[in-house]
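**Q** return atomic coordinates for the entry below.
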Amino acid sequence: MNKKRKNNKVLVTGATGFVGSHLCEGLLGRGFEVIGLIYGNDINIRHLKNNKNFKAVKGDITNFREILDILKKYKPDGIFHVAAAVPASETKEDSPFLFFEVNTKGTFNLLEACRQTNIRKFVYSSSMSVYSKEIKQLPVSEENFIDPRDFYGLSKWQGEELVRIYAENYKSNAVILRYAGVYGPRKEEGAVATFMKNALKNKTINILSDISWDIVYVEDVVQANILAFEKLEKLGFAVINIGSGREIHVKDLAEKIISITKSHSKIKINKIKDSFRFYFKINKAQKLLGFKPVSLEKGLFLTVQWFKKQI
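**A** Reported below is the predicted structural model:
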């Protein structure tokens with residue numbers, strides 16, 4: 001049984017999402033009392049609703065008055081801001097309005113509500129998308145040039161700047177975590193999920209791009225969030241990259257998944273649409289947080305076990 005800790009009530013935005021639901025689980029497992037802010041489908045957290053330390057609360061971060069009332073009512077000791085509008089699949093068109101309404105305005109609403117209720121602990125989930133896509137030096141450190149090339153990346157960077165300005169002006173403690181590509185159980189889209197679904201059905205795995213990038217297991221992201229929260233007072237304000245610190249080529253990823261699943265899938269190299277290389281330098285996360293990501297093989301194995309249950 002986990003011991004109760006001082007300052008143990010936290011609010012997680014985006015609690016029903018992929019990262020948010022895993023974060024709620026991780027926090028509960030470490031003895032936190034969790035207020036999960038939900039918007040839309042709650043399927044990812046239904047299994048948590050019987051946990052006495054978990055409270056699901058409906059709320060919209062784009063509605064300032066609603067968020068302020070929630071913080072006044074539940075009085076959390078800190079916030080994990082995970083909620084975000086993310087890019088749609090290739091078959092759907094993205095709306096710039098949605099990114100700025102949710103990611104920029106929504107972050108502002110939370111920060112201002114925190115100021116008015118004197119909540120001084122804030123962990124913000126950001127993205128590798130804030131960096132330039134024309135990387136000249138690898139691995140990418142936190143000092144790398146900020147140059148978002150789409151509305152999502154721009155809105156996440158604007159959120160970062162709001163977090164920084166609030167932290168500096170109101171003497172609060174805040175950490176910005178920039179994630180690489182996150183994979184794991186419950187994520188149904190992306191290269192890892194697509195390759196696993198095909199591999200488990202012995203279907204052809206199609207390669208459409210010449211990409212090498214950094215992917216990080218979702219439980220490592222959970223670990224980073226909790227470590228950051230526990231060290232907030234010491235850190236004050238910090239921006240930290242969270243990834244595996246390793247580069248994996250998309251074809252090598254497909255081969256590893258075929259091996260782990262013992263699949264008979266073939267790999268087909270199609271007409272290459274784009275080329276891209278990206279991976280994080282994670283020295284800062286290791287030094288400041290004690291961050292230790294699992295191996296790619298272990299993360300993929302654990303994810304495969306989940307996908308097997310879905311078939």
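
**Q** low-confidence ranges in the protein?
**A** 1-7, 89-93 (pLDDT under 70).

**Q** mind listing what's buried in the longest helix seen in it?
**A** What stands out as the longest helix in the chain, according to DSSP state H, is helix 151-170. Buried residues in helix 151-170, counted by 16 or more other C-beta atoms under 10 Å: 151-160, 162-163, 166-167. Using the backbone N, CA and C atoms, a C-beta is placed for each residue, glycine as well.

**Q** just stretch 193-204 next, same as before
**A** Buried-residue list, stretch 193-204, by 16+ other C-beta under 10 Å: 193, 195-200.

**Q** now stretch 38-58
**A** 38-39, 42, 44-45, 48, 53-56.

**Q** give me the residues contacting the longest helix of the chain.
**A** For helix 151-170, contacts defined as C-beta atoms under 8 Å, 6 or more residues apart in numbering pick out 84-87, 94, 96, 99-100, 102-104, 107-108, 111-112, 114-115, 120, 122, 124, 126-127, 129-130, 146, 148, 172-174, 176, 236-237, 239.

**Q** so after it, what's the next helix or strand?
**A** strand 173-179 (DSSP states H and E).

**Q** ranges for the helices of this structure?
**A** Listed in chain order, the helices of the chain (DSSP H) span 18-29, 64-74, 96-99, 106-117, 151-170, 191-200, 218-230, 232-235, 250-261, 283-289, 296-310.

**Q** quick one on the thing from earlier: any of the contacts of helix 151-170 buried? List them.
**A** Using 16+ other C-beta under 10 Å as the burial test, the contacts of helix 151-170 include 84-86, 99-100, 102-104, 107-108, 111-112, 114, 120, 122, 124, 126-127, 129-130, 148, 172-174, 176, 237, 239 as buried.

**Q** for Leu232, give me its contacts.
**A** Leu232 is in contact with 78, 121, 123, 173-175, counting by C-beta under 8 Å, 6+ apart.

**Q** output the buried residues of stretch 38-58 as TSV; include the columns distance to Trp306.
**A** TSV is the format used below for these (distance: C-beta to C-beta, whole Å):
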residue	distance to Trp306
Ile38	22
Tyr39	24
Asp42	19
Asn44	12
Ile45	16
Leu48	17
Asn53	24
Phe54	21
Lys55	26
Ala56	22
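
**Q** and the residues you listed, which is closest to Ile272?
**A** The nearest member of those to Ile272, counting by C-beta to C-beta, is Asn44 at 34.4 Å.
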